[in-house]
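From the sequence below, what's the structure:
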Amino acid sequence: MVAPLSLLMLHQPVMAVDTEPVRLAYGRKIHYAPQILAVELGYFKNAGVKIDFKILLAGSQNAEALITGAVDVAVMGDVPALMAVTSGSPVYIVASYGGGENMHSIVVRSGITLTSAIDWVGKRIAVQHGSSTHGALLLYLHKYGVDPDRVRIIPLRPVDMPDAMSTGQIDAAAGSKPWPGNILRRVPGAYTLATLSGLGNNYPLMMLVNRKMVESRPDVVIAMLRATD
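Numbers count the residues shown, from 1 in each chain. The predicted structure is shown next:
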């Protein structure tokens, strides 16, 4: 569910007064530039928030950390956020920011042609399970009449995709920047098939907070939103 935080509250000149660190999960990729900059340039500190940050590889891992109580706040893509709030866990979506249709793409290894629905049958395509790219891939397959049950969708960490493609274990991979670029640089002959745009989704990035944080430390949540902004 969405926490009822008014945008007007972000502009109140009240700084959080709280010495307890906030455990924040984000990743080392362009999606999380606001959090990276806010930590490195002291925006959280200036807003009166002490951050204990945890850098993970994927939004789905950020969501898991929030659901299990390992962190208080996490940022992630739309699919992990939806899975988190529908899991029954006491978490709230407090902000949507950034995003963009061209952040996800499909990269294919040399010698593989995917120009029609029949070409996809039996092909092995890797994707981070439960990620926003996973949701985008399913939208893409639906748009072009490809039955997902006839494609071998392989759950795989993005860091493992270049090696899996170079050794012929997968035919294609879907990911968000910078992962597709890593494949193109490391796998000779690999090419970009498509960006996952034009599918009715601009893939917003989301900030989620656990219920205890919202109820007991709302001023800190507001300060974090202000620092991110």
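
Checking my notes, Val39 in a helix, right?
Yes - using DSSP: H, G, I helix; E, B strand; the rest coil, the assignment for Val39 is a helix.

Can you verify my assumption that it contacts Ile51?
Yes - here Val39 lies in contact with Ile51, judged by Cβ atoms under 8 Å, at a distance of 5.9 Å. Glycine gets a C-beta too; all of them are placed from N, C-alpha and C.

Next, work out how far apart Ala223 and Ser176 are.
Distance of Ala223 to Ser176, given as Cβ to Cβ, to the nearest Å: 29 Å.

err, Leu37, not the other one
19 Å.

ok, those two, which is more surrounded?
Using other Cβ atoms under 10 Å, the more surrounded residue of Leu37 and Ser176 is Ser176, with 25 against 13.

what about Ser87, which SS state?
From three-state DSSP, the assignment for Ser87 is coil.

tell me which helix or strand of this protein sits lowest on mean pLDDT?
strand 51-56 (a mean of 77; mean pLDDT, DSSP states H and E).

what angle do the following helix or strand past that one and strand 51-56 make?
Next helix or strand after strand 51-56 toward the C-terminus (DSSP states H and E): helix 59-67. Calculated by axes from the mean of the first three to the mean of the last three Cα atoms, to 10 degrees, helix 59-67 forms an angle of 140 degrees with strand 51-56.

averaged over its residues, what pLDDT does helix 59-67 have?
Averaged over helix 59-67, pLDDT sits at 82.

That helix packs against which elements?
strand 22-27, strand 51-56, strand 73-76, helix 78-85, strand 205-210 (3 or more Cβ pairs under 8 Å, 6 or more residues apart in numbering; DSSP states H and E).

Using CSV, list the CA coordinates for that helix.
What follows is helix 59-67, C-alpha atoms only, in CSV (Å, rounded to 0.1, in the frame of the first residue of the first chain):
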residue,chain,number,x,y,z
GLY,A,59,16.3,-4.6,-6.9
SER,A,60,14.9,-8.0,-6.1
GLN,A,61,17.6,-8.4,-3.4
ASN,A,62,16.8,-5.0,-2.1
ALA,A,63,13.2,-6.0,-1.8
GLU,A,64,14.1,-9.2,0.0
ALA,A,65,16.3,-7.3,2.5
LEU,A,66,13.4,-5.0,3.3
ILE,A,67,10.8,-7.8,3.6
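
what's the angle from it to helix 78-85?
Using the same axes, to 10 degrees: helix 59-67 against helix 78-85 is 20 degrees.

Helix 59-67 to strand 205-210, inter-axis angle?
20 degrees.

So which residues of the protein form helices?
Using DSSP state H, the helices of the chain run over residues 33-40, 43-46, 59-67, 78-85, 117-120, 132-143, 161-166, 179-186, 211-216, 218-228.

tell me the contacts of Gly111?
Gly189 (Cβ atoms under 8 Å, 6 or more residues apart in numbering).

okay, it: pLDDT?
The per-residue confidence score, pLDDT, reads 91 for Gly111.

With the one 5 residues further on instead?
Looking at Ser116, its pLDDT is 88.

Kindly report the same for the one 10 residues further on.
Turning to Ala126, the model gives it a pLDDT of 96.
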